[in-house]
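Novice: Predicted model follows, preceded by the sequence.
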Amino acid sequence: MKWLYKIFKHPLLFISIVACILTVSISLYFVKFHYGFSDLPNDWAVFGNYISGLSAITNVIVFVWLTMTIQKANDFSKERDREHQKRLILTQLRYDEFNSLSKELNSPLFNELATFQHIRIFNMNSLLLAFLRSQTKLFPILKDENVVQKVLQLSAVLASIGKICAECAGLDQNGIPAGKPKLLPDEFKVKMEEYIQLKAEFISEMEGYIISEIDNIK
């Protein structure tokens, strides 16, 4: 049936083949019965029956062609709908995953007891790095070297802020109290400004990617 389907895919080829079949069939009729037009009514009656038979065959061929064309159109429409639904679901997954991360990044860094600030920042940093390493299939843009560098820079700044907070809380590297709390150094302000800038750039980059993917849904 593949060869028949290929023929039906090309209307001009199909029409040409049907025309050739009709021409050959009519020619064979005249070759068998007469070399010209007959004056006998009986011959014309037989010829009429012959043409009716050919018309029936042609109608069957046309019917099959139309059926296959409609089926092809339906298959294409279903495939397009499936692809559309797939893109919608994928976009929703991307939105949900990044929305969860951006909420965490946009939440205040300091909303707990001072002793535990470094733990919160550590958890936030872990979430950021986990997103970078585990979501490359959902977000192919995370394979882009520029985006990777932004995430790593953001992670490094977070780590620095967490370290400063731990030191100012009088904690050692293991989070155990080892001294008196201290005032935040000037470096803290610099790191916070850097964090805010890098965070804004990263979120903007990811939101732009998600919006571009939404625009591609047709």
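Specialist: In hand now; what should we look at?
Novice: care to break the chain down by domain?
Specialist: Here the domain parsing of the chain from the TED database is 1-82, 83-216.
Novice: Could you tell me the least trusted of those?
Specialist: Averaged per stretch, pLDDT over the domains of the chain is lowest on domain 1-82, reaching a mean of 68.
Novice: Counting neighbours, what do you get for Ile89?
Specialist: Here the count is done by other CB atoms under 10 Å, and Ile89 has 10 residues near it. Quick note: C-beta positions are derived from backbone N, CA and C, even for glycine.
Novice: now do Asn125
Specialist: Taking other CB under 10 Å as the criterion, the count of residues near Asn125 is 18.
Novice: show me what contacts it?
Specialist: Ser155, Leu158, Ala159, Gly162 (CB atoms under 8 Å, 6 or more residues apart in numbering).
Novice: most surrounded residue in the residues you listed?
Specialist: Leu158 (23 neighbours).
Novice: so which strand or helix has the closest residue to that residue other than its chain neighbours?
Specialist: The shortest distance from Leu158 to any non-neighbouring residue, by CB to CB, 6 or more residues apart in numbering, is to Asn125 (4.3 Å). Of the helices and strands defined by DSSP states H and E, Asn125 is found in helix 117-134.
Novice: Then Asp75?
Specialist: helix 41-106.
Novice: In terms of secondary structure, what does that helix contact?
Specialist: Contacting helix 41-106 under the criterion 3 or more CB pairs under 8 Å, 6 or more residues apart in numbering; DSSP states H and E are the following elements: helix 2-9, helix 11-33, helix 117-134, helix 186-215.
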